[in-house]
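Student: Structure, please.
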Amino acid sequence: MSASVRLTTGLCRRAATAPAPTTRLQQARGIRCLSSAACSRLQRRPDVRATYGAAFGARVPSRPLSTTRPRSSADVDDEPFDPASIERESDEVDVCIVGGGPAGLASAIRLKQLANEAGNEDFRVLLLEKAGELGAHILSGAVIQPTAIDELIPDWLDESSENHFAGATAAGSDSMRFLTKTMAIPVPTPPQMNNHGNYIISLNEFTKWLGERADEIGVEVYPGFAASEVLYRTDGSVKGVATNDLGLARNGQPKESFERGMEFHARVTLFGEGCHGSLSKQVIKKFDLRRESQPQTYGLGIKEVWEVQPDKFKKGQITHSMGYPLPYDTYGGSWMYHFGDNLVSIGQVVALDYPNPWLSPYGEFQKLKQHPLYKNVIEGGKCISYGARALIEGGFQSIPKVAFPGGALIGDSAGFVNVPKIKGTHNAMKSGMLAAEAAWNALRDADDGGSVFLYEYEDALRKSSIWRELKEVRNMRPSFHNPLGVYGGMLYSGLEAFLLKGRVPWTLRHKIPDHEATKPADACTKIEYPKPDGKISFDILTSVSRTGTNHEEDQPVHLQVKDWDRHTAETWPAFKGIENRFCPAGVYEYIEDASKPEGVRFQINAQNCIHCKTCDIKAPNQDINWQVPQGGEGPKYYKT
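Tutor: Residues are numbered from 1 along each chain as shown. Sure, this is the predicted structure:
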């Protein structure tokens with residue numbers, strides 16, 4: 001029985017035995033399936049479509065249909081609406097996983113492997129993903145170390161298997177460059193960056209492939225479900241999650257398409273939302289998981305994929321660089337990977353603890369592409385994809401406690417990126433697998449009634465390759481916090497990489513969160529960026545158009561700022577529109593407005609949002625709260 005049919009059948013069975021329908025959700029929204037094949041196995045019946053129904057009808061007088069204006073939330077603007085007045089449908093599973101990235105999918109697959117090996121095929125593993133399809137929100141460089149996938153699916157590259165992954169390009173030559181404005185100076189490649197035996201992939205495509213493997217083994221995979229709320233038991237342990245309501249207008253009133261969210265209750269809930277997930281940050285705060293760790297620090301990665309001229313393509317070639325165009329006091333680096341057929345992945349990471357509010361990571365990336373090292377490769381080619389996302393950079397000393405009553409953090413929700421190695425997928429997947437094994441053992445041995453704590457996961461993590469790997473390189477990233485900036489950091493990191501290898505008695509600190517590193521605009525040099533040429537460099541809206549981003553305009557703004565005028569008053573005078581510059585999608589603007597005290601009006605273009613989370617991290621006053629929009633919305637990345 002397919003995942004979609006299983007969920008729908010369970011809900012319909014409960015609806016049939018209920019005395020009367022008391023909720024507006026009497027069927028599974030989960031029939032938004034993983035694949036077209038799954039969709040063909042289950043067609044939505046017209047008679048089970050969820051509508052606002054009786055509740056809406058009781059509030060709004062009936063009237064004839066109009067050909068000029070459909071009924072809208074404006075009809076009930078004078079009455080407050082509380083979605084909680086309508087009961088949510090719920091479903092019970094053994095393990096619920098939030099996030100359909102490599103960590104969540106690896107965890108789901110490992111759980112079902114263990115359950116199936118034990119003959120317990122009814123063990124329910126359910127995975128929720130906010131994107132409309134798996135992989136649509138996934139972006140990375142990406143060169144992956146295959147250790148975790150080799151363990152999880154040993155024949156993943158075996159061409160004799162019809163289900164092998166066909167998108168891997170074996171890593172070839174490695175080079176490292178330090179850039180000035182016109183030169184690319186060769187520097188020794190640190191041993192951590194040796195890519196022999198690794199593969200260049202599109203992580204977006206790899207994630208889709210993992211999702212197909214999960215579906216085959218019996219994981220219930222539901223894309224288009226945006227988990228927006230953590231649910232708790234009376235003893236304080238995590239009970240599961242709820243998805244957000246659909247069909248709310250921007251003013252919070254229900255439209256005719258309104259659908260109440262759905263609750264998923266589980267013995268164990270694993271959060272694999274990636275960097276700075278909206279629910280992960282809540283459980284980190286609730287259970288004080290950072291009480292023994294240093295502040296997390298982040299970078300913003302911006303990427304394009306180019307189809308280049310065949311004579312410029314060197315399959316498997318890997319190039320990394322540091323230096324230009326970033327200033328000496330800003331950590332970051334760039335890459336160029338040749339993969340597939342005449343495709344080149346090019347991108348830059350800018351650490352979000354940069355001090356100058358005039359700096360624009362997007363603008364720096366456009367300058368980077370004009371450097372001869374990169375321009376000579378992509379000139380004459382075609383940019384086919386763009387995207388951006390925040391990534392974890394804190395490393396070993398910023399890992400929080402990962403287990404809490406009823407669940408755990410996996411992947412970048414906890415933060416397992418090896419920054420000097422420029423890799424994290426293998427650690428994310430391995431953490432998901434460790435959590436899966438701990439959850440299976442805990443549920444197998446526990447009584448049915450009590451909450452579950454994954455002690456085994458915490459212990460296994462500290463004995464794993466993840467812990468050893470991150471501990472060895474723990475001082476490299478924080479070493480760039482010195483008066484010489486990137487130059488001092490490179491010198492110290494060179495000593496660590498080639499000689500010390502982490503065998504020192506000290507651990508350097510991340511002293512402050514990234515947003516506190518920002519200086520007032522008046523204390524910094526203003527940066528003017530060149531006008532895009534439309535061939536190598538592009539304006540930001542052209543780039544956003546390549547992301548496939550889509551959000552319904554008439555819905556509550558998911559970038560939550562309680563008081564826009566107060567935000568302007570507190571942020572504009574000191575930082576002169578930093579939000580305009582740190583956002584890689586043109587979401588935030590300050591528009592001249594003489595009627596306002598500061599002479600500008602703050603505006604949020606939420607439809608442009610590509611879910612990178614930068615605003616939630618870098619906003620100087622921490623008054624922007626990124627929450628999930630309606631499920632299925634956001635970017636639809638290609639080859640990223």
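
Student: The closest residue to residue 99 other than its chain neighbours: neighbour count?
Tutor: Leaving aside its sequence neighbours, residue 99 sits nearest to residue 272 (C-beta to C-beta, 6 or more residues apart in numbering; 3.7 Å). C-betas here are computed from N, CA, C, even on glycine. Residues lying near residue 272 (other C-beta atoms under 10 Å) number 31.

Student: Residue 272 reaches residue 103, doesn't it?
Tutor: Yes - look at residue 272 against residue 103 with C-beta atoms under 8 Å: they come within range, at 4.0 Å.

Student: Now for the two: what residues contact both?
Tutor: Counting by C-beta atoms under 8 Å, 6 or more residues apart in numbering, the shared contacts of residue 272 and residue 103 are 410-411, 413, 428, 432.

Student: Farthest-apart pair in these, please.
Tutor: Greatest spatial distance among the shared contacts of residue 272 and residue 103 (C-beta to C-beta): 413 and 432, at 10.2 Å.

Student: Which neighbours do these two have in common?
Tutor: Common contacts of residue 413 and residue 432 (C-beta under 8 Å, 6+ apart): 103, 272.

Student: element containing residue 345?
Tutor: Assigned by DSSP states H and E, residue 345 belongs to strand 343-351.

Student: Show me what the next helix or strand after that strand is packed up against.
Tutor: Note on strand 343-351: by DSSP H and E, the next helix or strand toward the C-terminus is helix 361-369. Counting contacts by 3 or more C-beta pairs under 8 Å, 6 or more residues apart in numbering; DSSP states H and E, helix 361-369 is packed against strand 298-307, strand 343-351, helix 372-378, helix 578-582.

Student: tilt between the second one and helix 361-369?
Tutor: Computed by axes from the mean of the first three to the mean of the last three C-alpha atoms, to 10 degrees, the angle separating strand 343-351 from helix 361-369 equals 130 degrees.

Student: Also compute the angle for strand 343-351 relative to strand 298-307, please.
Tutor: 160 degrees.

Student: re the thing from before, and which of the shared contacts of residue 272 and residue 103 is nearest residue 566?
Tutor: Distances from residue 566 to those, taken by C-beta to C-beta, are shortest for residue 413, at 30.6 Å.

Student: mind checking pLDDT for that closest one?
Tutor: Looking at residue 413, its pLDDT is 97.

Student: With adjacent residues omitted, what lies nearest to it?
Tutor: Excluding the flanking residues, the one nearest residue 413 by C-beta to C-beta, 6+ apart is residue 280, at 4.1 Å.

Student: OK, contacts around the one you found?
Tutor: Applying C-beta under 8 Å, 6+ apart, we find residue 280 in contact with 271, 273, 409, 413.

Student: Which neighbouring elements make contact with the strand holding residue 345?
Tutor: Secondary elements touching strand 343-351 (3+ C-beta pairs under 8 Å, 6+ apart): strand 298-307, strand 332-339, helix 361-369, helix 372-378.

Student: got the angle between that strand and strand 332-339?
Tutor: Strand 343-351 and strand 332-339 meet at an angle of 170 degrees, taking the same axes, to 10 degrees as the criterion.

Student: in its sheet, what does strand 343-351 sit against?
Tutor: Applying DSSP bridges, strand 343-351 is found paired with strand 298-307 (antiparallel), strand 332-339 (antiparallel).

Student: Give me the residues contacting the shortest one.
Tutor: When you say that, I think you mean strand 332-339. Residues outside strand 332-339 that contact it (C-beta under 8 Å, 6+ apart): 141-143, 169, 172, 179, 200-202, 299, 313-322, 326, 344-351, 364, 368, 373-374, 377, 422.

Student: at 7 Å instead, please
Tutor: By C-beta atoms under 7 Å, 6 or more residues apart in numbering, the surrounding residues in contact with strand 332-339 are 141, 143, 169, 200, 299, 313-322, 326, 344-351, 368, 374, 377.

Student: Over to the longest one?
Tutor: Residues lying outside strand 298-307 but in contact with it, judged by C-beta under 7 Å, 6+ apart, are 139, 275, 332, 342-352, 361-362, 365, 378, 381-393, 514, 584, 612, 614, 617, 639-640.

Student: cool, stretch 235-244 as well?
Tutor: Residues external to stretch 235-244 that are found in contact with it (C-beta under 7 Å, 6+ apart): 88, 96, 98, 128, 225-233, 261-266, 269, 279, 283, 404-407, 451, 628, 630-631.

Student: The residues you listed in strands, which ones?
Tutor: Residues of those located in strands (DSSP state E): 96, 98, 128, 227-232, 262-266, 269, 404, 407.

Student: what's the nearest residue to the residue nearest to the spatial centre of the chain if we skip its chain neighbours?
Tutor: By C-alpha atoms, centre = their mean, the chain has its centre lying nearest to residue 274, at 4.3 Å. Once flanking residues are discounted, residue 274 sits nearest to residue 412: 4.8 Å by C-beta to C-beta, 6+ apart.

Student: ditto for residue 497
Tutor: Nearest non-adjacent residue to residue 497, counting by C-beta to C-beta, 6+ apart: residue 190, 3.9 Å away.

Student: Could you check how far the one you found is from residue 494?
Tutor: In this structure, residue 190 and residue 494 are 7 Å apart, going by C-beta to C-beta, to the nearest Å.

Student: what sits up against the strand holding residue 345?
Tutor: 141, 299-308, 326, 330-339, 361, 364-365, 368-369, 374, 377-378, 391, 393, 639.

Student: on that earlier part again, so which of the shared contacts of residue 272 and residue 103 is the closest to residue 472?
Tutor: residue 428 (18.1 Å).

Student: Give me the phi and psi angles of the closest one.
Tutor: Per-residue torsions, residue 428: phi -60, psi -50 (degrees, to the nearest 10).

Student: Repeat that for residue 239.
Tutor: Torsion angles at residue 239 (phi, psi; degrees, to the nearest 10) stand at phi -100, psi -20.

Student: How confident was the prediction at it?
Tutor: 97.

Student: Burial check on it, number of neighbours?
Tutor: 23.

Student: How about the one 3 residues further on?
Tutor: Residues within reach of residue 242, counting by other C-beta under 10 Å, total 19.

Student: How about it: what's its closest non-neighbour residue?
Tutor: Leaving aside its sequence neighbours, residue 242 sits nearest to residue 229 (C-beta to C-beta, 6+ apart; 4.3 Å).

Student: just residue 561 next, same as before
Tutor: In space, residue 561 is closest to residue 567, 5.1 Å off (C-beta to C-beta, 6+ apart).

Student: which element is the one you found on?
Tutor: Following DSSP H and E, the helix or strand that holds residue 567 is helix 564-575.

Student: tell me which strands and helices that helix is in contact with?
Tutor: strand 600-604 (3 or more C-beta pairs under 7 Å, 6 or more residues apart in numbering; DSSP states H and E).

Student: picking that back up, and the ones in strands among the contacts of stretch 235-244, which are buried?
Tutor: Among the ones in strands among the contacts of stretch 235-244, those classed as buried by 16 or more other C-beta atoms under 10 Å are 96, 98, 128, 227-231, 262-266, 269, 404, 407.

Student: now, which of the residues you listed sits nearest residue 213?
Tutor: So of those, ranked by how close each gets to residue 213 (C-beta to C-beta), first place is residue 128, at 17.7 Å.

Student: For the residue nearest to that closest one when sequence neighbours are not counted, list the residues it contacts.
Tutor: Using C-beta to C-beta, 6+ apart and skipping the chain neighbours, the partner closest in space to residue 128 is residue 225 (4.3 Å). By C-beta under 7 Å, 6+ apart, the contact list for residue 225 reads 29, 128-130, 243, 631.
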